[in-house]
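>>> got a structure for you, letters missing:
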């Protein structure tokens with residue numbers, strides 16, 4: 001019985017060592033605002049807790065990045081500007097799309 005427990009514990013330890021969560025790049029651009037830096041920090045923490053993710057916060061995504069989260073605005077984050085092109089909506093000071101401000 002004791003040997004089975006030892007083998008079981010060893011297997012669990014090995015399984016947790018072998019399993020690695022996803023690698024995620026959180027991309028903020030070169031000069032993130034304090035709000036974007038805070039969001040990146042919080043997101044990193046939550047992804048690590050929820051998915052055991054290995055999170056890298058940086059100005060640009062790694063060349064081999066499989067999972068990328070882009071934060072900020074196209075004006076401050078070139079990777080975001082490249083991803084959305086001209087599809088970024090115009091927003092009011094309240095954060096509403098200007099297309100819907102007449103409602």
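Yep, it's here. Keep in mind that what you see is a predicted model, and the values were worked out from it rather than measured.
>>> can you map out the helices along this structure?
Using DSSP state H, the helices of the chain run over residues 2-18, 34-51, 78-84.
>>> What residues of the second one count as buried?
Neighbour counts using 16 or more other CB atoms under 10 Å place 36, 39-40, 43-44, 47 of helix 34-51 among the buried residues. Every residue, glycine included, has its C-beta placed from N, CA and C.
>>> residue ranges with poor pLDDT in this protein?
For the chain, applying pLDDT under 70 flags the ranges 1-19, 98-103.
>>> cutoff 50 now
Nowhere does the chain drop to pLDDT under 50.
>>> before we move on, back to that, ok, of the buried residues of helix 34-51, which one's closest to residue 20?
residue 47 (13.5 Å; CB to CB).
>>> so how far is residue 97 from the closest one?
Using CB to CB, to the nearest Å, residue 47 is found at 28 Å from residue 97.
>>> got it, and residue 25?
28 Å.
>>> Neighbour count: those two, which is higher?
Shown here are residue 25 and residue 97; by other CB atoms under 10 Å, residue 25 has more neighbours (20 against 10).
>>> if we can go back for a sec, now distance to residue 67 too, for the buried residues of helix 34-51, in TSV please.
Formatted as TSV, the buried residues of helix 34-51 follow (distance: CB to CB, whole Å):
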residue	distance to residue 67
36	18
39	17
40	14
43	12
44	13
47	9
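>>> Closest one of these to residue 88?
Distances from residue 88 to the buried residues of helix 34-51, taken by CB to CB, are shortest for residue 36, at 15.3 Å.
>>> For that closest one, give me its contacts.
By CB atoms under 8 Å, 6 or more residues apart in numbering, the residues touching residue 36 are 28-29, 71-72, 76.
>>> Tell me how many other residues crowd residue 72.
22.
>>> how near is it to residue 22?
22 Å.
>>> circling back: kindly indicate which of the buried residues of helix 34-51 lies nearest residue 56.
Distances from residue 56 to the buried residues of helix 34-51, taken by CB to CB, are shortest for residue 44, at 8.5 Å.
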